[in-house]
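1. Sequence and predicted model, in that order:
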Amino acid sequence: MARRVSGRRQLVVTLIAWAIGLAIFFPILWTILTSFKTEAEAIASPPSFLAFEWTLENYAEVNSRSNYPLHFMNSVIISLGSTLLGLLIAIPAAWSMAFVPAKRTKDILMWMLSTKMLPPVGVLIPIYLMFRDFGLLDTRIGLVVVLTLINLPIIVWMLFTYFKEIPGEILEAARMDGASLWDEVVYVLTPMAVPGIASTLLLNVILAWNEAFWTLNLTAAKAAPLTAFIASYSSPEGLFYAKLSAASTLAIAPILILGWFSQKQLVRGLTFGAVK
Amino acid sequence: MGKISLRQVTKTFGDVEVIPALDLDIEDGEFVVFVGPSGCGKSTLLRLIAGLEDVTGGHIEIDGRPATDVPPAKRGLAMVFQSYALYPHMSVRKNISFPLKMAKMDPAEQERRVNAAARTLNLTDYLDRRPGQLSGGQRQRVAIGRAIVREPSAFLFDEPLSNLDAALRVNMRLEISELHQSLKTTMIYVTHDQVEAMTMADKIVVLRAGRIEQVGSPLELYRAPRNLFVAGFIGSPKMNVISGEKAAEHGAHTIGIRPEHLLLAQDGAWSGRVGVAEHLGSDTFLHVHVEGLDPLTVRVQGEAGVSHGDAVRLSPMPEHLHRFDENGLAVR
């Protein structure tokens, strides 16, 4: 029998859930609100929540001072480019790890993940020097390459987990039906793994969009994505909260909207295979 | 054509030898059943023939041509898997036509063959459904359909009926047998169910630990099992096996007598008491406790008028007595 939950208990649990949800979302909400305040109101104490004079001047100012469309396009190219390139490399890699594992496959997977345990700053200097020598500094292609490499372990791991859920017999059936390796991956494996591939794609676009360490350190102007655009409004004195907030809101809005519309897919993808 | 020969084929996984050197000939058009307990290597043997596993040593020939190094896609064999292994994202029509699409066959011919297969297998009304919307029996038929459209030189079945319920299993067994009658294509069928083996096979291959224990027609194996293992495996209920004094009386280390060859007789040589009587209507199985022996199973036609606790006397039919030596090999 299903467990009965009393109405009152349900109410309490719902309230707690909402409170936690709001607490998590509050910084983003506060940023958005601050972006509509004047600089004076932004640092006023006590702060006003909604009762302030709403203004769009920060947005106008930010748009006139920097080239938002350029940074936006850079972000789109870098995050999508690195994710697609990553998928192209990771699908065959995950296929071989899931369906023709060798003795050391598990070790390789762990080793790949271990690269994520290293603080990125540890390799900043060598990578910076390599980028300088290859002329990749402040180029989109350079960032696509570095973000692909940064996120590749996660992409491979996610795809590996999804592929593991696909019964090997189905791929064997395809082989018996005369499918070449290419046919097997294109007509059988990939369509069956679409939910998993889609959520991997979404998650990695989000991760690449938000990545700030490498994008800040390896770009200057031409290839700078939205993270660099935000950073250009932070000042050590902290005097431009409202403009910083407007820049942040502009930077996170696209990915927030993407995440909102794809949340079902994301949740389904991330819990894929948890319940048979 | 579908003649398959295995010459000194071996398979090892790491240090484990699953199939020691094995020779086997399968003639064109034969229905061959590989049977044996779980882990006997029967599925591995089938997968070696399919090419889904590589042989460790030896050669496989299909229709006289070496096939050992030919990939599964190029061997011209079709396989039906235990889990059906249908493509869940494709309609029944696309599932069945997939091998034809892979062979880059003309679309009109594809259409014709898919429709013909669907008619044979009663799938015409389901062609646009997905596998997830079908029952187990229908899924099994789709898997068979996918195999027959290719007109392969041989069909390989890997325990295809074990996921079906008992009634459906009997139906599908008949359908597969009829299919074999009409197509006359070689079929290799793996099962652990000796009833399937007995009812479907032209030739049964009994396997134990990767070794062939005996090859023969169902009735040859029933009448003249080569050793105790085959004797115990073929026939249902199992053959009664008796060692010791009673076996020595017949000049053997061990004797075997099938339940249907033990008669209830007033003057029977062995006396015992009925433990359990199983009434099936057409038959009655009696489990009889005889002093100094393991319980014996007796099959009585129709309704036997005995029940738990009754004293009975049993008489083995001498012409159906199987004698085995101390190594378990049949003595003729």
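-> Cool, the structure landed.

2. can we go C-alpha only for contacts and neighbour counts from here?
-> OK.

3. and the stretch 51-200 of chain B, which residues reach chain A?
-> Residues of the stretch 51-200 of chain B lying close to chain A by Cα under 8 Å from any Cα of the partner chain are B:52, B:72-74, B:77-81, B:83, B:85-89, B:98-99, B:102-103, B:147.

4. can you do 6 Å?
-> Residues of the stretch 51-200 of chain B found near chain A (Cα under 6 Å from any Cα of the partner chain) are B:72, B:73, B:85, B:99, B:102.

5. Without its sequence neighbours, what residue ends up closest to residue A:168?
-> residue A:99 (6.8 Å; Cα to Cα, 6 or more residues apart in numbering or on different chains).

6. what about that neighbour, distance to chain B?
-> Look at residue A:99 and chain B: by Cα to the nearest Cα, to the nearest Å, they are 12 Å apart.

7. now swap in residue A:96 and tell me
-> From residue A:96 across to chain B, the span is 16 Å (Cα to the nearest Cα).

8. That residue and residue A:176, how far apart?
-> Residue A:96 sits 18 Å away from residue A:176, taking Cα to Cα, to the nearest Å as the criterion.

9. Looking at the two, which is more packed in?
-> The neighbour comparison of residue A:96 against residue A:176 (other Cα atoms under 10 Å in any protein chain shown) goes to residue A:176, with 25 against 15.

10. Nearest residue to the more buried one in space, please, no chain neighbours.
-> Spatially, and ignoring its direct neighbours in sequence, residue A:176 is nearest to residue B:73 (5.0 Å; Cα to Cα, 6+ apart).

11. Name the helix or strand of chain B that has the lowest mean pLDDT.
-> The weakest-scoring helix or strand in chain B, judged by mean pLDDT, DSSP states H and E, is helix B:245-248 (a mean of 86).

12. Which strands and helices lie in contact with that helix?
-> The contact analysis (3 or more Cα pairs under 6 Å, 6 or more residues apart in numbering or on different chains; DSSP states H and E) places helix B:245-248 against no helix or strand.

13. what helix or strand is residue B:177 on?
-> For residue B:177, the host element (DSSP states H and E) is helix B:166-183.

14. need the next SSE after that helix, C-terminal direction.
-> Next along the chain after helix B:166-183, taking DSSP H and E as the criterion, comes strand B:186-191.

15. Note down every partner strand of that following strand and its orientation.
-> strand B:31-35 (parallel), strand B:154-158 (parallel) (DSSP bridges).

16. With mean pLDDT and mean neighbour count as new columns, can those strands be given to me in TSV?
-> Listed next are those as TSV, based on pLDDT from 0 to 100; neighbours: other Cα atoms under 10 Å in any protein chain shown:
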stretch	mean pLDDT	mean neighbour count
strand B:31-35	96	27
strand B:154-158	95	24
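
17. Next secondary structure element downstream of the helix or strand harbouring residue A:11?
-> Using DSSP H and E, residue A:11 sits within helix A:7-34. The element immediately downstream of helix A:7-34 (helix or strand, assigned by DSSP H and E) is helix A:39-42.

18. next one: that following helix to chain centre, how far?
-> 31 Å (Cα atoms, centre = their mean, to the nearest Å).

19. now could you export just the CA positions of it as PDB?
-> Presented in PDB, the C-alpha positions along helix A:39-42 are these (Å, rounded to 0.1, in the frame of the first residue of the first chain):
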ATOM      1  CA  GLU A  39      24.200  52.800  -8.100                       C
ATOM      2  CA  ALA A  40      23.200  54.700  -4.900                       C
ATOM      3  CA  GLU A  41      20.300  52.500  -4.200                       C
ATOM      4  CA  ALA A  42      22.300  49.400  -4.900                       C
END
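
20. what mean pLDDT does that helix have?
-> Averaging pLDDT along helix A:39-42 yields 82.

21. again with stretch B:130-137
-> Per-residue scores along stretch B:130-137 average to 90.

22. And for that stretch, what's in contact with it?
-> With contact meaning Cα atoms under 6 Å, 6 or more residues apart in numbering or on different chains, stretch B:130-137 is reached by B:88, B:91, B:92.

23. Same question for stretch A:252-269.
-> A:195, A:196, A:199.

24. for stretch B:64-73, same thing?
-> The contact list for stretch B:64-73, computed with Cα under 6 Å, 6+ apart, reads A:175, A:176, A:178, B:50, B:51, B:59, B:60, B:61.

25. Counting neighbours, what do you get for whichever residue of the stretch 101-250 of chain A sits closest to chain B?
-> Of all residues in the stretch 101-250 of chain A, residue A:178 sits closest to chain B, with a separation of 3.9 Å (Cα to the nearest Cα). For residue A:178, the tally of surrounding residues (other Cα under 10 Å) stands at 26.

26. Which one of the strands paired with strand B:186-191 lies nearest to residue B:237?
-> Shortest separation from residue B:237 across these is recorded for strand B:31-35, at 16.5 Å, computed as Cα to Cα.

27. Which is the succeeding secondary structure element to the closest one?
-> Once the chain leaves strand B:31-35, the next helix or strand it forms, by DSSP H and E, is helix B:42-50.

28. so what does the helix or strand just after that following helix touch, helix or strand wise?
-> Next helix or strand after helix B:42-50 toward the C-terminus (DSSP H and E): strand B:57-62. Here strand B:57-62 is seen to pack against strand B:4-13 when contacts are counted using 3+ Cα pairs under 6 Å, 6+ apart.

29. hey, C-alpha coordinates of the strand it packs on in PDB?
-> C-alpha atoms of strand B:4-13 as PDB (Å, rounded to 0.1, in the frame of the first residue of the first chain):
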ATOM      1  CA  ILE B   4      28.200 -25.600 -41.100                       C
ATOM      2  CA  SER B   5      31.400 -27.500 -40.000                       C
ATOM      3  CA  LEU B   6      33.400 -26.900 -36.800                       C
ATOM      4  CA  ARG B   7      36.900 -28.300 -36.800                       C
ATOM      5  CA  GLN B   8      38.800 -28.500 -33.500                       C
ATOM      6  CA  VAL B   9      37.200 -25.300 -32.300                       C
ATOM      7  CA  THR B  10      38.200 -24.100 -28.900                       C
ATOM      8  CA  LYS B  11      37.300 -21.100 -26.800                       C
ATOM      9  CA  THR B  12      38.900 -19.800 -23.700                       C
ATOM     10  CA  PHE B  13      38.000 -16.700 -21.700                       C
END
